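Enquirer: please find the sequence and the predicted model below.
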2 protein chains.
Amino acid sequence: MNTIIETILNHRSIRHYEDRPLSDEQIRLIVESAQAAATSHFVQAYTILGIQDPGRKQKLAELTGNRHVGTCGHLLIFCADLHKHELAAQMEGVEAQDTLETTEKFMVALIDTALAAQNAALAAESMGLGICYVGGLRNRLPEVAELLKIPQYVLPLFAMTIGYPADPSAKKPRMEAEHVYFEDEYPADERLLRDLKEYNETVSQYYTKRTNGKRNDTWTGQMAQFFKEPSRVFMKEFVERQGFDKK
Amino acid sequence: MNTIIETILNHRSIRHYEDRPLSDEQIRLIVESAQAAATSHFVQAYTILGIQDPGRKQKLAELTGNRHVGTCGHLLIFCADLHKHELAAQMEGVEAQDTLETTEKFMVALIDTALAAQNAALAAESMGLGICYVGGLRNRLPEVAELLKIPQYVLPLFAMTIGYPADPSAKKPRMEAEHVYFEDEYPADERLLRDLKEYNETVSQYYTKRTNGKRNDTWTGQMAQFFKEPSRVFMKEFVERQGFDKK
């Protein structure tokens, strides 16, 4: 196992940071690493906002419901971005709306942005920094979009807090590789159900041990709770309002 | 700059591979690396299919329109997957359909899958292997889904070819970091237009040099062509047919 795979496997979300900003050089390496990710047809369909203004950072901590958004060393907002392509088409006198509004291009922009973000995460971790993805950015997305002056064809997807870890966090046991990797075709439900029961045991043991028996959650139990009620139900409308995923 | 960032920055898509399969150990490390990526609320909303059957691999080369899909050392298909969560909810006697069908959960599954894929890509590259993302997997997605026995709430997003590089490929110049990273808020169009013109120069010089003056494409020119006509227009209907992004 090499140091890169070691770094990858050692990932855990960090939510407590030292009060210590990142250097400009660190930020630049993180951004350039993000950009080095593969991009569909060279579209580079993302924009990264780095939040420096303390007031705005605090406001985002509130809007996302995550304290570490306000206290991290540096805060990045990853946005799916086809606005640059709208401008490119305008510059070239081409009508692009039909394409910009497709579900296909929405998917391209989301995937492009996420690939870039994961490179950013690993670059940060390789420098001894910790990170946490913050999906809570979508809790009050219309307000976030207004705060960050997000135009049409841009969609903030998640934040990433980065900084010097103040305390190590535990790593929850992922599924076994055999539960997510299958040969040649998608497996039958009987197989999956067996896998999930097996995984429930692992998760339950993890919680039992960690809480001295106070909790024994299973994965399917957690997921059932999490999927019981839809969250962020405004999303479809908001995504479409931003111009994405309409046809 | 450390070796991890060097590996990240050195990425290029590889489309010609030696006729040499990956070892089981390499595949396992790639899959475990994928799984170590952050995942929203622990959902782990992806499944990775590794295609071993030569006939199926050849069929996928045809369906994706990419020769290297048939000739790579190992072929991975990354699928957004909420089917496991549907099963989890069933196991727990919970009705999850309303949640499964939201645009929010569609986004979660896409992002989760892409983060995992980028870890897989870097793990492979750290071992001296080359990779290429294949969005062409979506060219004839309904046929791909049938071939791979994809159930409801699963969506194949892209393939990844992996293998020992047979020839090095060039690295196209990405946007400047200043063109994708901005402080505090999304920039005004005047700024972006200036950036894009500057970037056009860079891209044009790259092509002029590489083709001895035969091509001098600009980025906005390429994008305008690419966005002129929508592609994969069946996507919205297919995504909804799979159960995603309906409300």
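Expert: Yep, that arrived.

Enquirer: residue ranges in chain A under the pLDDT threshold?
Expert: Chain A contains no residues with pLDDT under 70.

Enquirer: how does it divide into domains?
Expert: Following automatic domain parsing, one gets these domains for chain A: A:3-169+A:232-241, A:177-216.

Enquirer: how about the strands in chain A?
Expert: A:46-51, A:74-81, A:130-134, A:154-163, A:181-183 (DSSP state E).

Enquirer: winner for burial among the domains of chain A?
Expert: domain A:3-169+A:232-241 (a mean of 21; mean count of other CB atoms under 10 Å in any protein chain shown). (C-beta placed from N, C-alpha, C; glycine too.)

Enquirer: so how far is that one off the chain centroid?
Expert: 7 Å (CA atoms, centre = their mean, to the nearest Å).

Enquirer: contacting residues for the closest residue to A:Pro142 other than its chain neighbours?
Expert: Excluding the flanking residues, the one nearest A:Pro142 by CB to CB, 6 or more residues apart in numbering or on different chains is A:Phe238, at 6.0 Å. Applying CB atoms under 8 Å, 6 or more residues apart in numbering or on different chains to A:Phe238 gives the contacts A:Leu141, A:Pro142, A:Ala145.

Enquirer: just the residues you listed now: which is nearest B:Lys57?
Expert: Proximity to B:Lys57 was ranked across the contacts of A:Phe238 by CB to CB; first place goes to A:Leu141, at 40.7 Å.

Enquirer: distance check, the closest one against B:Met107.
Expert: According to CB to CB, to the nearest Å, A:Leu141 and B:Met107 sit 11 Å apart.

Enquirer: picking that back up, any chance of the domains of chain A in TSV, with distance to B:Thr64 too?
Expert: Formatted as TSV, the domains of chain A follow (distance: least, CB to CB, whole Å):
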stretch	distance to B:Thr64
domain A:3-169+A:232-241	13
domain A:177-216	16
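
Enquirer: tell me where chain A has helices.
Expert: A:3-9, A:24-35, A:54-64, A:67-71, A:83-91, A:97-100, A:103-126, A:141-147, A:177-180, A:189-210, A:219-226, A:235-241 (DSSP state H).

Enquirer: show me what the second one is packed against.
Expert: Think helix A:24-35. strand A:46-51, strand A:74-81, helix A:103-126, helix B:3-9, helix B:177-180 (3 or more CB pairs under 8 Å, 6 or more residues apart in numbering or on different chains; DSSP states H and E).

Enquirer: among those, which is nearest A:Arg28?
Expert: Between A:Arg28 and the helices and strands packed on helix A:24-35, the shortest separation by CB to CB is 6.1 Å, and it involves helix B:177-180.

Enquirer: that closest one packs against which elements?
Expert: Using 3+ CB pairs under 8 Å, 6+ apart: helix B:177-180 touches helix A:24-35, strand A:46-51, helix B:189-210.

Enquirer: quick one: closest of the ones you listed to A:Ala120.
Expert: helix A:24-35 (4.1 Å).

Enquirer: now the angle from the closest one to strand A:130-134?
Expert: Relative orientation of helix A:24-35 and strand A:130-134, computed by axes from the mean of the first three to the mean of the last three CA atoms, to 10 degrees: 50 degrees.

Enquirer: ok, which of the helices and strands packed on helix A:24-35 comes nearest B:Gln152?
Expert: When the helices and strands packed on helix A:24-35 are compared by CB to CB, helix A:103-126 sits nearest B:Gln152, at 17.5 Å.

Enquirer: could you export the closest one as PDB, CA atoms only?
Expert: Extracted in PDB, the C-alpha atoms of helix A:103-126 (Å, rounded to 0.1, in the frame of the first residue of the first chain):
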ATOM      1  CA  THR A 103     -31.000  16.600 -17.300                       C
ATOM      2  CA  GLU A 104     -27.900  15.200 -19.100                       C
ATOM      3  CA  LYS A 105     -26.000  18.500 -18.600                       C
ATOM      4  CA  PHE A 106     -27.200  18.800 -15.000                       C
ATOM      5  CA  MET A 107     -25.700  15.400 -14.400                       C
ATOM      6  CA  VAL A 108     -22.500  16.400 -16.200                       C
ATOM      7  CA  ALA A 109     -22.100  19.500 -14.000                       C
ATOM      8  CA  LEU A 110     -22.800  17.600 -10.800                       C
ATOM      9  CA  ILE A 111     -20.300  14.900 -11.600                       C
ATOM     10  CA  ASP A 112     -17.600  17.300 -12.700                       C
ATOM     11  CA  THR A 113     -18.000  19.300  -9.500                       C
ATOM     12  CA  ALA A 114     -17.900  16.300  -7.300                       C
ATOM     13  CA  LEU A 115     -14.800  14.900  -9.000                       C
ATOM     14  CA  ALA A 116     -13.000  18.200  -8.500                       C
ATOM     15  CA  ALA A 117     -14.100  18.400  -4.900                       C
ATOM     16  CA  GLN A 118     -12.700  15.000  -4.000                       C
ATOM     17  CA  ASN A 119      -9.300  16.000  -5.500                       C
ATOM     18  CA  ALA A 120      -9.500  19.100  -3.300                       C
ATOM     19  CA  ALA A 121     -10.300  17.000  -0.300                       C
ATOM     20  CA  LEU A 122      -7.400  14.700  -0.800                       C
ATOM     21  CA  ALA A 123      -4.900  17.500  -1.600                       C
ATOM     22  CA  ALA A 124      -5.900  19.100   1.700                       C
ATOM     23  CA  GLU A 125      -5.600  15.800   3.600                       C
ATOM     24  CA  SER A 126      -2.200  15.200   2.000                       C
END
